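**Student:** Can you look at this prediction? I've put the sequence above it.
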Amino acid sequence: MGIATITLLSWTCAGTLLIWIFTRGRHHLATRPPYPPGPPARGLLSGNASDLVLKFPWLAYMEWARKYGDLLHFRAYNQHIIVINSEKAATELLERRSAIYSSRPFVPMWDLMGVSYATGVRDYSPEWQSHRRIFQQILRQSAAARYQPTQTEKIRNMLHGMLTTPDEFRAHLNTASGAIIMSVMYGYDVAPVNDPFVALVEVTQVVFERGASLSWLVNSVPVLRHIPSWCPGAGFKRYATSVNSQVIEQLDRPFKYVLDKMAAGTVRHSVVSSLLDNCKSEKDLQMLREVAGTGYAAGVNTTASALLVFIVAMILNPGIQERAQHEIDSITGGDRLVEYSDHASLPYLEAILREVIRWRPITPLGLPHASNDEDVYRNCYIPKGSLVISNIWAMSRNSEKYKDPDTFNPDRFLDANGALTDDEVIYAFGFGRRICPGRHLAIASAWLMMATMLQIFDLRQRKDPSGKDIPLDVKWDDALVWYVD
Ligand code: HEM
């Protein structure tokens, strides 16, 4: 091909592109509705990138929502971001239009680190659907009830730990939350301290949180992931490779534990052991391995964080604590521990659980969804590939639904007859096809932990040597889940 031909071809392509922009492109811009309201872009290219708030962003989005409405739009470079601040809009988009809004954004660092196997970060794909089918089979409400004996056993161990070493209450909460899931998934009993499998998961969790950070340039410029590791500036790639082996180990080691036990004929019943027979191919095995690994990574910190919030709420509200203790004593007579069969007789306790989840939502912004098609909602245009964030925090602060939303008040979930209302704060577990599949297990674990802790202990501030209360110093972190120091 001669130079003249190439030049002619280039001009033809450029011409065609320009014609497209000035005909179809312009026509599209002229005919499509506006984006949802939001803060004005600060830079032509960067949009609102400089407005992105890294600390407690849910508070900033709630402020913006007061000004612009419950559905916000802004842009960081070429990434359109939609923040949904009301349950109504979240239900209409993420549930009723779930065919469009059920994917996840692609995070290049997660991919390089090897954590993109996890259900929660997979895009809307056949593999993700296989994961959800397994979760539905093992953790739907009726199936989750099977794990109550395991939960009871692990929670009683936790109470014993708290009696013996009360200062280590945080470690006991983590151990119990982890022990329940390890037992459910793999039939494995975790050691009270320094368990090797627990250590592996903790490493993966740190890696996971670090990987999401926008401080990795590759997360904003995904094409960088293709540069070779030896290149200057490719430190991110070397870091990703260094953690990859730990991520794989976290997936493989507990799974292999079950296979070894099966071979030795000493396996205990668990999700993995019972579903192995259904695996007809290497891919089926991989799906099961990934689901078990995800369940563990997703379920430990979340459940333990809810319990930390509960402890803080009880210390700050001794009257509520006493009322719950009386309710429990009136059912057990004070001579046996609470059991799952007592649930229906303890509405105030259930109201406390709901208020804990509402007062300090464990994941204030849920997990971001991504849209896989363009859409028009309330006459506003939502582009394909938008990042769609549900501001669960803003939903929990809806003052039309919750009077004095910042006050911890379980009574808001009881009607005039003392019966529970139908608000189960389910939005705290997300929306649509992506709703948290572990919610029934989480709620059941949290309920029994709360009930038995209230029964056995008075949750109070520490005292100084002179017997005076040391004021509670609560620091709320803005990591994926709340953290109380
Ligand atoms: C108090 C405890 C928990 C809270 C507040 C919570 C909350 C959430 C939220 C908000 C999401 C995102 C939903 C969405 O994208 O719309 C989620 C996803 C998820 N949760 Fe939970 N969760 C908890 C416990 C658990 C437990 C115990 C497990 C597993 C045993 C679990 C497994 C998952 C998984 C696998 C996903 C990803 C679902 C998907 O992307 O399809 N969670 N959770």
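**Tutor:** Great, that's in hand.

**Student:** Near the ligand, which residues of the stretch 301-450 of the chain? Just list them.
**Tutor:** Within the stretch 301-450 of the chain, the positions adjacent to the ligand are 302-303, 306, 362-363, 366-367, 369, 428-431, 434-438, 441-442 by CB under 6 Å from any ligand atom. (Each C-beta comes from the backbone N, C-alpha and C, glycine too.)

**Student:** how about 5 Å then?
**Tutor:** Residues of the stretch 301-450 of the chain lying close to the ligand by CB under 5 Å from any ligand atom are 302, 306, 362-363, 366-367, 429-431, 434, 436, 438, 441-442.

**Student:** Just the ones in helices from those, please.
**Tutor:** Among these, the members falling in helices (DSSP state H) are 302, 306, 441-442.

**Student:** Tell me the residue of the stretch 251-400 of the chain that sits nearest the ligand?
**Tutor:** Per CB to the nearest ligand atom, residue 299 is where the stretch 251-400 of the chain lies closest to the ligand, at 2.9 Å.

**Student:** follow-up on the earlier one: with distance to residue 248 as extra columns, can I get the residues of the stretch 301-450 of the chain next to the ligand in TSV?
**Tutor:** TSV is the format used below for these (distance: CB to CB, whole Å):
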residue	distance to residue 248
302	23
306	30
362	28
363	26
366	28
367	23
429	29
430	27
431	31
434	25
436	25
438	23
441	25
442	26
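
**Student:** which residues of the stretch 1-150 of the chain fall in helices?
**Tutor:** With helices called from DSSP state H, counting those that start in this stretch, the stretch 1-150 of the chain shows them at 3-20, 26-31, 57-68, 87-90, 108-113, 126-139, 141-144, 148-164.

**Student:** Could you work out which of the ones you listed reaches nearest to residue 211?
**Tutor:** Nearest to residue 211, of all the helices of the stretch 1-150 of the chain, is helix 108-113, at 4.1 Å by CB to CB.

**Student:** roughly how far is that closest one from the heart of the chain?
**Tutor:** Offset of helix 108-113 from its chain centre (CA atoms, centre = their mean, to the nearest Å): 18 Å.

**Student:** Packing partners of it?
**Tutor:** Applying 3 or more CB pairs under 8 Å, 6 or more residues apart in numbering; DSSP states H and E, we find helix 108-113 packed against helix 196-211, helix 217-220, helix 235-264.

**Student:** which other residues reach that helix?
**Tutor:** Contact with helix 108-113 is made by 116, 121, 207-208, 210-213, 216, 218-219, 222, 224-225, 236-237, 240-241, 243-244, 247, as judged by CB atoms under 8 Å, 6 or more residues apart in numbering.

**Student:** How about stretch 368-380?
**Tutor:** 32-37, 71, 73, 82, 89, 92-94, 97, 100-106, 123-124, 381-390, 431-432, 434.

**Student:** gap between residue 58 and residue 392?
**Tutor:** Separation of residue 58 from residue 392 (CB to CB, to the nearest Å): 8 Å.

**Student:** Looking at those two, which is more packed in?
**Tutor:** Legend: neighbour count by other CB atoms under 10 Å for residue 58 and residue 392, higher for residue 392 (27 against 23).

**Student:** what about the residue of the stretch 51-200 of the chain found nearest the ligand, how many neighbours?
**Tutor:** Scanning the stretch 51-200 of the chain for the residue nearest the ligand gives residue 120, at 3.4 Å (criterion: CB to the nearest ligand atom). For residue 120, the neighbour count with other CB under 10 Å is 18.

**Student:** now swap in the one 10 residues further on and tell me
**Tutor:** Residues lying near residue 130 (other CB under 10 Å) number 19.

**Student:** Ok, residue 275 next?
**Tutor:** Residues near residue 275, counting by other CB under 10 Å: 18.

**Student:** residues touching the residue lying closest to residue 327 once chain neighbours are set aside, list them.
**Tutor:** Once flanking residues are discounted, residue 327 sits nearest to residue 348: 4.7 Å by CB to CB, 6 or more residues apart in numbering. Contacts for residue 348 (CB under 8 Å, 6+ apart) come out as 323-324, 327, 410, 414.

**Student:** And these, which is closest to residue 150?
**Tutor:** Comparing the contacts of residue 348 against residue 150 with CB to CB places residue 324 closest, at 24.7 Å.

**Student:** That concludes my questions; thank you for your assistance.
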